[in-house]
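K.L.:
what follows is a predicted structure for the sequence shown.
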Amino acid sequence: MNEKQFKQANANLNRSQQKPAKSGLSSGMIDVIDKNPSPLCKCGKPRQKVFVKWAGKYIHSKWCPECEYNYENEMAKQEIIHRHESIKKAIKREIEPIYYNSSLDDFSEQIKQVLIDKPADQGVLIWGKTGTGKSHLASALIKEALKAEQRAKMVRFKDMVLSIRASYDNNKTEESILRPFISCHLLSIEDIGTIRSGKVESDFCQDTLLTVIDARLQRNKPTIITTNLSPEDLWNAFGTRLASRFSTFLIFKLDGRDRRLDKN
């Protein structure tokens with residue numbers, strides 16, 4: 001190899017090792033476009049020209065302005081559809097079928113206004129006789145949170161307790177069972193005080209509920225509680241420690257006829 005050939009080979013090597021400067025388009029995009037040199041979009045209209053800085057030249061984009069707009073518009077529509085489907089799945093997962101269509105509009109303006117005016121992180125304790133709409137209202141509140149794309153869960157207190165007890169046989173920890181109930185934005189715990197029909201609850205039940213309520217209060221996360229017991233009977237069943245926590249809740253009673261009987 002003579003001196004001239006050596007210099008040429010060295011120059012070629014240096015050029016091959018140079019890295020192109022960053023640009024708005026990836027090298028993969030450039031490769032795809034370069035393999036399709038036609039200036040026309042698939043619709044037959046001229047494609048846009050884009051200046052690629054590191055390449056030092058104009059190249060054609062993938063689409064014409066109209067097709068690019070239509071593509072982005074279609075992607076936005078698909079995103080909306082996907083979000084709506086996700087919300088529907090969450091509602092079916094968390095809410096019992098009988099309450100799928102629950103709505104705050106099913107209740108009086110007074111009740112709606114009270115719920116609207118309360119602080120966002122304040123819990124709600126709903127009490128009253130069987131069938132007066134406690135679960136219906138709780139479901140409507142959970143549904144509103146899910147529609148706002150917030151994480152929300154509903155659970156019967158009895159099921160929560162049973163799932164913890166079952167975890168001892170499945171090598172799971174109590175913490176792993178309670179974590180989803182503590183971390184979600186809004187939690188509804190249904191029918192507390194029914195395990196012993198208003199009598200003093202076991203230490204295990206009291207500690208379980210206290211753990212969840214305390215953890216959520218510390219995180220400023222609102223909790224909905226429904227019960228057939230009056231506040232006084234509830235304090236007697238769960239003790240003064242939980243009574244002090246519930247004193248921070250918005251407490252109101254649902255009156256009226258048994259809605260379940262009205263449907264028959």
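P.N.:
That came through fine. Bear in mind that the values here come from a model prediction, so they are computed numbers and not experimental data.
K.L.:
tell me the pLDDT of the residue nearest to the spatial centre of the chain.
P.N.:
Nearest to the geometric centre of the chain sits R151, at 3.3 Å (C-alpha atoms, centre = their mean). Turning to R151, the model gives it a pLDDT of 96.
K.L.:
what is the neighbour count of L234?
P.N.:
23 (other C-beta atoms under 10 Å). The C-beta positions use only the backbone N, C-alpha and C, and glycine is treated the same way.
K.L.:
let me know whether it touches G193 as I believe.
P.N.:
Yes. Between L234 and G193 there is a contact at 5.8 Å, judged by C-beta atoms under 8 Å.
K.L.:
give me the common contacts of those two.
P.N.:
Taking C-beta atoms under 8 Å, 6 or more residues apart in numbering as the contact rule, L234 and G193 both touch T227.
K.L.:
got the phi and psi for the residue nearest to K129 when sequence neighbours are not counted?
P.N.:
Closest residue to K129 apart from its sequence neighbours, by C-beta to C-beta, 6 or more residues apart in numbering: N228 at 6.5 Å. N228 adopts backbone torsions of phi -80, psi -10, taken as degrees, to the nearest 10.
K.L.:
can you report how many residues neighbour N228?
P.N.:
N228, neighbours per other C-beta under 10 Å, totals 19.
K.L.:
try E85
P.N.:
E85, neighbours per other C-beta under 10 Å, totals 10.
K.L.:
element containing it, please.
P.N.:
helix 65-94 (DSSP states H and E).
K.L.:
and after that helix, which helix or strand comes next?
P.N.:
Beyond helix 65-94 toward the C-terminal end (DSSP H and E), the next one is helix 109-117.
K.L.:
for the helix or strand just after that following helix, what is the average pLDDT?
P.N.:
Using DSSP H and E, the helix or strand that follows helix 109-117 towards the C-terminus is strand 124-127. Strand 124-127 comes out with an average pLDDT of 97.
K.L.:
which outside residues touch stretch 90-104?
P.N.:
Residues from elsewhere that reach stretch 90-104, judged by C-beta under 8 Å, 6+ apart: 112, 115, 135-137, 139-144, 146, 152-154.
K.L.:
straight-line length of that stretch, end to end?
P.N.:
Terminal residues of stretch 90-104 lie 18 Å apart, using C-alpha to C-alpha, to the nearest Å.
K.L.:
next: stretch 101-119.
P.N.:
Using C-alpha to C-alpha, one end of stretch 101-119 lies 26 Å from the other.
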